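Chemist: Sequence first, predicted model second:
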Amino acid sequence: MANPIRVTPSGTGLLVHMDDGTIYQAYKSAGNTFAIAKAVAQNPTPNPDPGPNPEPGDGSWQWPFKYSQYVAQSGDLGYLAQFNPKRKNPVTGRITAHQGLDFGVGGINGKPIPSAHDGVVEISASAASPYFGYGAAILIRHPDGTACLYAHRQAKMLNVGDTVKKGQTIGNVGSTGQSTGPHLHWETWEKNGAKVNPRDFMKARGAPEQ
């Protein structure tokens, strides 16, 4: 009989990983105990070392917008839109790190911004009281300790401490703060606070760009 080798959190309960590769869903029941339900996934090759992201590809992450449609990928706009450790800031003219992706083409102005994952609002700024040059930005901290920052919203939506679900609207694309036009500046932060390329961040979670 298979034996459990690790347990990881999963939304409504826990995932119990067995040494034969089977994964079971555990739900909280009476008496602060967990009842194991049917298998939710099969993996013929057990992997006891999940790396930094225990459940890549489990569908719990989504891109706020389609990368190929809304992020410029060539020319001057592509240079400005991509994650870049040394980029000339179009507002200040200084060479600084661009630590996110800019979704700014394809008629994106005003579109509702969906949260990439479940989480809790840690920062929610308004246009009147902006979060530095990010304008009416919102930072959502996720259960695994990572976070996503969404900048330049049209206006404040949600308050610090509010819980959000994946896909929930957290604002609308705008141009508040240091911005030359309507766009979503999206940053992905590892749990140690490091800002990493969203393309790599999402790929590691089983959600590469489309």
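Modeler: Ah, there it is.
Chemist: The residue sitting nearest the centre point of the chain: what secondary structure?
Modeler: The geometric centre of the chain, computed from its C-alpha atoms, lies nearest to residue 116 (CA atoms, centre = their mean), at 4.2 Å. Three-state assignment for residue 116 (DSSP: H, G, I helix; E, B strand; the rest coil): coil.
Chemist: Quick check: the gap between it and residue 94.
Modeler: 29 Å (CB to CB, to the nearest Å). Quick note: C-beta positions are derived from backbone N, CA and C, even for glycine.
Chemist: swap in residue 82?
Modeler: Applying CB to CB to residue 82 and residue 94 gives a distance of 18 Å.
Chemist: Tell me which of those two has more neighbours.
Modeler: Between residue 82 and residue 94, residue 82 has the larger neighbour count (other CB atoms under 10 Å), namely 18 against 8.
Chemist: Correct me if wrong: residue 164 contacts residue 141.
Modeler: No - in this structure, residue 164 is not within contact of residue 141 by CB atoms under 8 Å, at 10.2 Å.
Chemist: Now do the shared contacts for those two.
Modeler: Overlap of the contact sets of residue 164 and residue 141 (by CB atoms under 8 Å, 6 or more residues apart in numbering) consists of 119-121.
Chemist: Output the residues you listed as a markdown table; include the columns neighbour count and secondary structure.
Modeler: Listed next are these as a markdown table, based on neighbours: other CB atoms under 10 Å; DSSP: H, G, I helix; E, B strand; the rest coil:
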| residue | neighbour count | secondary structure |
| --- | --- | --- |
| 119 | 23 | strand |
| 120 | 15 | strand |
| 121 | 19 | strand |
